[in-house]
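> Curious how this folds, go ahead:
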Amino acid sequence: MALEHLTKESFKEKVFNFELNKEWKFEGNVPVIIDFYASWCGPCKTLAPILEELQTEYGSKLTIFKVNTEDEHELSAMFGIQSIPSILFVPTEGQPQMALGALPKESFRSAIHDVLKVAAN
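Below you'll find the model as predicted:
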């Protein structure tokens, strides 16, 4: 299952409308993971199939998006992305949390449980 790529416009609609809100206000109904990546990044390529597997495993309990940092400079700058891959965990309540680097699948599972409050199937 291919993951949806966010643009500035779809990000505002599905995650956070930063043009309307100064304070963080999540627009979605289920928790989100956002993978900030670039096509030339080796670790990003390693991470891609893991994220697709996680999306399949968790199904409708969470959504995983991708943001191409080469195309979406404004979104990357807004989150202060300095290195990739950078992974943003967005719970339905509370502040998002950033993780840096290509995390192993178990680390994703822990963050999905601890940060996003989503139980495994």
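
> from memory F79 sits against F36, does it?
Yes. F79 lies in contact with F36 (CB atoms under 8 Å); the separation is 7.0 Å. Yep, even glycine has a C-beta here, placed from its N, CA and C like the rest.

> Need the residues touching each of those two.
Jointly contacting F79 and F36 under the rule CB atoms under 8 Å, 6 or more residues apart in numbering are S86, L88.

> got the residue ranges for the strands in this protein?
For the chain, the strands defined by DSSP state E cover 4-5, 32-37, 63-68, 86-90, 97-100.

> which of those is buried the deepest?
With neighbours defined as mean count of other CB atoms under 10 Å, the strands of the chain peak in mean count at strand 32-37, which reaches a mean of 24.

> Summarise which helices and strands that one is packed against.
Judged by 3 or more CB pairs under 8 Å, 6 or more residues apart in numbering; DSSP states H and E, strand 32-37 is in contact with helix 42-58, strand 63-68, strand 86-90.

> Any chance you could spot the residue sitting in the middle of the protein?
The centre of the chain sits closest to I34, judged by CA atoms, centre = their mean, with a distance of 1.0 Å.

> ok, now which ones touch that residue?
Contacts of I34 were listed using CB under 8 Å, 6+ apart, and they are L6, V15, I64, F65, K66, V67, I87, L88, V90.

> and which of the residues you listed is nearest to E53?
Set against E53, the nearest of the contacts of I34 by CB to CB is I64 (10.1 Å).

> hey, what's that closest one bridged with?
With DSSP bridges applied, I64 shows beta-bridge pairing to I33.

> okay, how far is it across stretch 107-120, tip to tip?
End-to-end distance of stretch 107-120 (CA to CA, to the nearest Å): 13 Å.

> any idea how far that stretch is from the chain center?
Stretch 107-120 has its C-alpha centroid displaced from the chain centroid by 13 Å (CA atoms, centre = their mean, to the nearest Å).

> circling back to that earlier point, need the nearest residue in space to the residue nearest to the centre of the chain, chain neighbours excluded.
Nearest non-adjacent residue to I34, counting by CB to CB, 6 or more residues apart in numbering: L88, 4.2 Å away.
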